[in-house]
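K.L.:
with the input below, show me the fold.
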Amino acid sequence: MLDVESEIRIAFGGGGEEDDERLVLDRFGAWLRGGRLLFIPLAMDPPYDRALAWITTVMAARGVGDIAVATSSDDVLRIISTVDGVFIGGGNTYRLLHRLRSTGAHLALSGAARRGLPLYGGECRRDPPR
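P.N.:
Numbering: from 1, shown residues only. Model (predicted):
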């Protein structure tokens, strides 16, 4: 049995545009209460500028303006204790898992979720890396 210390708050997106994701994004934004967000775009190929512009606009509409970006799994480990929520961008599932597992960042995310840190996961494809 899972030993949960807090209410787990995880939201999953389907990879649509903001209008398609409105309900889940609104819920995630409410969980954050205007706090600091960690954006993890590691499932996609860099550069992350377009993704960061999108998440900045989407979350600003929900009262979240302070967004830290993890461009490596080491960044995840360094930043996660300073944020009020995590948004994992969509992309390639295998790439994301490889990058997070390389430093144990997946364990940090799991622990944060167990402590009640809100997590949002965008759509990831199951295509293996080429």
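K.L.:
going by C-alpha atoms from here, please, whenever you check contacts or count neighbours.
P.N.:
OK.
K.L.:
now do the buried residues in the longest helix seen in the chain.
P.N.:
In terms of residue count, the longest helix belonging to the chain (DSSP state H) is helix 18-32. Within helix 18-32, the residues that count as buried by 16 or more other CA atoms under 10 Å are 24-25, 28-29, 31-32.
K.L.:
closest to residue 47 among those residues?
P.N.:
Proximity of the buried residues of helix 18-32 to residue 47 (CA to CA) peaks at residue 25, which lies at 23.6 Å.
K.L.:
do you know how far the closest one is from residue 69?
P.N.:
Distance, residue 25 to residue 69, by CA to CA, to the nearest Å: 18 Å.
K.L.:
check the offset of stretch 38-58 from the chain's centre.
P.N.:
Relative to its chain's centre, stretch 38-58 lies at 10 Å (CA atoms, centre = their mean, to the nearest Å).
K.L.:
residue 40 - nearest residue in space that isn't next to it in sequence?
P.N.:
Counting by CA to CA, 6 or more residues apart in numbering, residue 40 lies nearest to residue 88, which is 4.7 Å off, once chain neighbours are set aside.
K.L.:
isn't that neighbour up against residue 37?
P.N.:
No: applying CA atoms under 8 Å as the test, residue 88 and residue 37 come out as separate, 10.4 Å apart.
K.L.:
between the two, which is the more surrounded one?
P.N.:
Counted by other CA atoms under 10 Å, residue 88 and residue 37 do not tie: residue 37 has more neighbours, with 26 against 21.
K.L.:
so residue 68, which of the three states?
P.N.:
Following DSSP: H, G, I helix; E, B strand; the rest coil, we place residue 68 in the strand state.
K.L.:
and the nearest residue to residue 117 once chain neighbours are set aside, how far is that from residue 46?
P.N.:
Take residue 117 and drop its neighbours on the chain: the residue closest to it by CA to CA, 6+ apart is residue 85, 5.5 Å away. With distances taken as CA to CA, residue 85 is found 22 Å from residue 46.
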